[in-house]
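Engineer: pasting the sequence and the predicted coordinates here, then a few questions.
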Amino acid sequence: MSSVDLTKIAARDAEDPPAQFREQFQLRDGLIYLDGNSLGALPKASITRMAHAVTGEWGEGLITSWLGAEWVSAPRRVGDKIGALIGAKPGEVIAADSTSINIFKALAAALSLRPDRGVILSESTNFPTDVYMMQGLEAFSGGRIKSVTVAPEAIMEALDETVAALLLTQVHYKSGLVRDMAEITRRAHEMGVLVIWDLSHSAGAIEVDLNAADADFAIGCGYKFLNGGPGAPAYIYVAERHQSAVQPLSGWFGHARPFAFEEEYTPAPGIERFLCGTPQVLGLAALECGVDIFGRADMAEVRRKSLQLSTVFMEMMDELCAEFGFSLISPRDPALRGSQIAYTHPYGYEIMQALKERDVIGDFRAPDVLRFGLTPLYLRFQDIIDAVERLSDICKTKAWDKPHYRERAQVT
């Protein structure tokens, strides 16, 4: 079906450095998993770690495990490990809560640092939760704070002296477009605007250097490329220079002395003030296993393989685009492409359901986007070849055209 030399491409699996990590994940034989950008695969180490956390630390140690098993230090410990992956210094990242809650913290902190400004800005195609949190702040403020979204290409022109914070996703969740973090941050700073970066599709997928970009805040989730498990704790990065900012979710673990049980809130010094409630101990235990794998991986090699996988995918798909009406929405320029490939098709939902029944798992994003995540630590070149060949067969036989494929599920 393609002019691409598939035999030569498949041979790369035997000599590719990230291939050594595949055996560290629980993957069913025959499954081609192209949805690690929504939920990462299960690290085998997590199975043993979670069993011990439940039966040993919780079951046997009980309350003594807050100290004996170092539960109390887990948010900082895991945060520092994530920080090493995204170009942060020790003490600039804490693992806690959800992405949405951490967006709220970052937005509120940025507003506290720019009290004379009332606009929070983002792009109109950003991931919904980012914009929803902005809208929630506007509603709660009674109109004092304005949530503004503009077309992606109009972001720079919208920066002015009224904008307190710019919230952007570094790798777009649908197209996989990579934004120039350093350049955008520089231009925002020229206007006195603080920048909050959503790294949900960046950490563990591309090389990130927050300090080199002079970033102010960043947030991200733990369950995608970091393989922390469903609902894994998220994380928040706060540049050291901003850690005295007001964080209004002043829960007891963000207190300077949480076990003094004082009546008045005194924020903790440093990154700990961006904690809120009791740490999610079991979730942090699983997340740490996923993050530890990246501690042994070379992100430059991961990025190199990611781009090779996506190039093979695109080259094989070009014939299907011409013959069956798929349209590529991910950038062809490797420098602008994250670790996913996305296409639009009028029957995208039905096609994705047919693929899943053939053991190729990607995902669908409304209204018409088929999205395929590329996770180099456990995805093989042969997987890409097989996935596109199965997709080709589905299109040629029109196997997607069945009533049960048209029934929209609650989760797509």
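Structural biologist: Perfect, I can see it now.

Engineer: tell me which residues in stretch 246-262 are buried?
Structural biologist: Buried residues in stretch 246-262, counted by 16 or more other C-beta atoms under 10 Å: 247, 253-255, 258. Just so you know, the C-beta spots here come from the backbone N, C-alpha and C atoms, and that holds for glycine as well.

Engineer: ok, stretch 68-78 next?
Structural biologist: Buried residues in stretch 68-78, counted by 16+ other C-beta under 10 Å: 69, 71-72, 74-76, 78.

Engineer: any chance of these in JSON lines, plus distance to residue 174, pLDDT and secondary structure?
Structural biologist: Output for the buried residues of stretch 68-78, formatted as JSON lines (distance: C-beta to C-beta, whole Å; pLDDT from 0 to 100; DSSP: H, G, I helix; E, B strand; the rest coil):
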{"residue": "69", "distance to residue 174": "40", "pLDDT": "97", "secondary structure": "coil"}
{"residue": "71", "distance to residue 174": "37", "pLDDT": "98", "secondary structure": "coil"}
{"residue": "72", "distance to residue 174": "39", "pLDDT": "97", "secondary structure": "coil"}
{"residue": "74", "distance to residue 174": "33", "pLDDT": "98", "secondary structure": "helix"}
{"residue": "75", "distance to residue 174": "31", "pLDDT": "98", "secondary structure": "helix"}
{"residue": "76", "distance to residue 174": "34", "pLDDT": "98", "secondary structure": "helix"}
{"residue": "78", "distance to residue 174": "29", "pLDDT": "98", "secondary structure": "helix"}
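
Engineer: can you list the strands that the biggest strand by length in the chain pairs with?
Structural biologist: Longest strand in the chain by number of residues, with DSSP state E as the criterion: strand 163-169. Taking DSSP bridges as the criterion, strand 163-169 forms sheet pairs with strand 119-123 (parallel), strand 194-198 (parallel).

Engineer: just to revisit the earlier point, what is the most widely separated pair among the buried residues of stretch 68-78?
Structural biologist: Of all pairs drawn from the buried residues of stretch 68-78, the one with the largest separation by C-beta to C-beta is 69 and 76; the distance is 14.8 Å.

Engineer: I'd like the buried residues of stretch 68-78 laid out as JSON lines, including distance to residue 241.
Structural biologist: Converted to JSON lines, the buried residues of stretch 68-78 look like this (distance: C-beta to C-beta, whole Å):
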{"residue": "69", "distance to residue 241": "34"}
{"residue": "71", "distance to residue 241": "30"}
{"residue": "72", "distance to residue 241": "27"}
{"residue": "74", "distance to residue 241": "26"}
{"residue": "75", "distance to residue 241": "21"}
{"residue": "76", "distance to residue 241": "19"}
{"residue": "78", "distance to residue 241": "23"}
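
Engineer: and those, which is closest to residue 189?
Structural biologist: Closest approach to residue 189 among those (C-beta to C-beta): residue 76, at 27.9 Å.

Engineer: so of the strands paired with strand 163-169, which one's packed in deepest?
Structural biologist: Most buried of the strands paired with strand 163-169 by mean neighbour count (mean count of other C-beta atoms under 10 Å) is strand 194-198; its value is a mean of 26.

Engineer: how far does that one sit from the chain's center?
Structural biologist: How far strand 194-198 lies from its chain's middle: 14 Å, per C-alpha atoms, centre = their mean, to the nearest Å.

Engineer: mean confidence for that strand?
Structural biologist: Throughout strand 194-198, pLDDT has a mean value of 98.

Engineer: for stretch 303-314, same thing?
Structural biologist: Taken as a whole, stretch 303-314 carries a mean pLDDT of 96.

Engineer: and for stretch 332-339?
Structural biologist: Stretch 332-339 comes out at a mean pLDDT of 96.

Engineer: what does it contact?
Structural biologist: Judged by C-beta atoms under 8 Å, 6 or more residues apart in numbering, the contacts made with stretch 332-339 from elsewhere in the structure are 37, 171-172, 176-178, 201-202, 205-206, 225, 303, 306-307, 310-311, 314, 330-331, 373-376.

Engineer: among those residues, which are in strands?
Structural biologist: Judged by DSSP E, strands contain the following of those: residue 373.

Engineer: quick one, which of the contacts of stretch 332-339 are buried?
Structural biologist: Burial by neighbour count, 16+ other C-beta under 10 Å: within the contacts of stretch 332-339 this picks out 37, 171-172, 176-178, 201-202, 205-206, 225, 303, 306-307, 310-311, 314, 330-331, 373-376.

Engineer: so which residues of the stretch 251-400 of the chain form helices?
Structural biologist: Taking DSSP state H, counting those that start in this stretch as the criterion, the stretch 251-400 of the chain carries its helices at 281-296, 299-324, 348-356, 381-397.

Engineer: let me have these in JSON lines, extended by distance to residue 156.
Structural biologist: Below are the helices of the stretch 251-400 of the chain laid out as JSON lines (distance: least, C-beta to C-beta, whole Å):
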{"stretch": "helix 281-296", "distance to residue 156": "32"}
{"stretch": "helix 299-324", "distance to residue 156": "26"}
{"stretch": "helix 348-356", "distance to residue 156": "32"}
{"stretch": "helix 381-397", "distance to residue 156": "36"}
